[in-house]
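Asks: Sequence and predicted structure, then a few things I'm wondering about:
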Amino acid sequence: MFAAVAIFFGLGYLVGSVNFAVLVAKRHGVDILKEGSGNPGATNVKRVLGKGPGNLVFALDVLKGFVGAGLPQLLLRVGETPTASDIHFTICVAGFVGTLLGHCFSCFLKFKGGKGVASTIGGLLVLLPVPILIGATLWGLVFLTSRYVSLASLALGLSLPLSCWILPQFTALKFGPVQFWFAAAIAAFNVWTHRSNIGRLLNGTENRFVKQA
């Protein structure tokens, strides 16, 4: 198990380190690290270059997270016992975590990167599909009412462990401690990567995403 965790973590990190915001912006003659907020993510690309390039980066980052978590799912056999299933889930998590860390601390960008929201969505479509779909719906509602991308992203992250806790009480879905604590760790990491945004939200200086005329 340790070897599989290490291999898929490493592969995930390399996949995650490919920063599509930088690559897409470069094709438009823009250094995204020096424009807008300077963050190499889909939101900053959308602000600087418009909806098309921004949505493309978002989709590619989602795909990146999906690949990082999905490679172990594709290459490993799913065990029949609960213990084997937990091991399989843990190996998939290792691939996802590697991808997320690569995105946020890319070895190709001197360990800088984006905030990892899109890649988180992609990975969780493999690992926790129902909670992330609920979280994505919540993201849309919060964004439409507030126009704050950061606030919507925080709401998405915090909804994940809540979904893993509440859903088994009212539906046939089952989430064990491994899934719950994984979701809680993702929520905590999401808060940490948005710590500067939280400060600006509290100070009333966070930028709203305004529709372009």
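Replies: Arrived safely.
Asks: Check the gap between Ser37 and Gly95 for me.
Replies: Counting by C-beta to C-beta, to the nearest Å, the gap between Ser37 and Gly95 amounts to 29 Å. In this view, the C-beta of every residue, glycine as well, is placed from N, C-alpha and C.
Asks: who has more neighbours, the two?
Replies: It is Gly95, of Ser37 and Gly95, that has more neighbours when counted by other C-beta atoms under 10 Å, with 32 against 14.
Asks: Would you tell me what the next helix or strand after the helix or strand containing the more buried one is?
Replies: Using DSSP states H and E, Gly95 sits within helix 82-104. Counting by DSSP H and E, the next helix or strand C-terminal to helix 82-104 is helix 117-127.
Asks: now the angle from that following helix to helix 82-104?
Replies: Helix 117-127 runs at 170 degrees relative to helix 82-104, counting by axes from the mean of the first three to the mean of the last three C-alpha atoms, to 10 degrees.
Asks: Buried residues, helix 117-127. List them.
Replies: Neighbour-count burial for helix 117-127 flags 117-127 (criterion: 16 or more other C-beta atoms under 10 Å).
Asks: could you point out which element follows it?
Replies: Using DSSP H and E, the helix or strand that directly follows helix 117-127 along the chain is helix 129-146.
Asks: helix or strand right after that following helix?
Replies: Next in sequence after helix 129-146, counting helices and strands by DSSP H and E, comes helix 149-170.
Asks: Need the residues that contact that following helix.
Replies: 43, 115, 117, 120-121, 124, 128, 130-132, 134-136, 138-140, 142-143, 146, 173-175, 179-180, 183-184, 186-187, 189-191, 194, 197-198, 200-201, 206, 209 (C-beta atoms under 8 Å, 6 or more residues apart in numbering).
Asks: at 7 Å instead, please
Replies: 43, 117, 128, 130-131, 134-136, 138-139, 142-143, 173-175, 179-180, 183-184, 186-187, 190-191, 194, 197, 201, 206, 209 (C-beta atoms under 7 Å, 6 or more residues apart in numbering).
Asks: same thing with stretch 6-23?
Replies: By C-beta under 7 Å, 6+ apart, the surrounding residues in contact with stretch 6-23 are 32-33, 40-42, 44-45, 57, 60-61, 64, 67-68, 71-72, 91, 94-103, 106-109, 113-114, 119.
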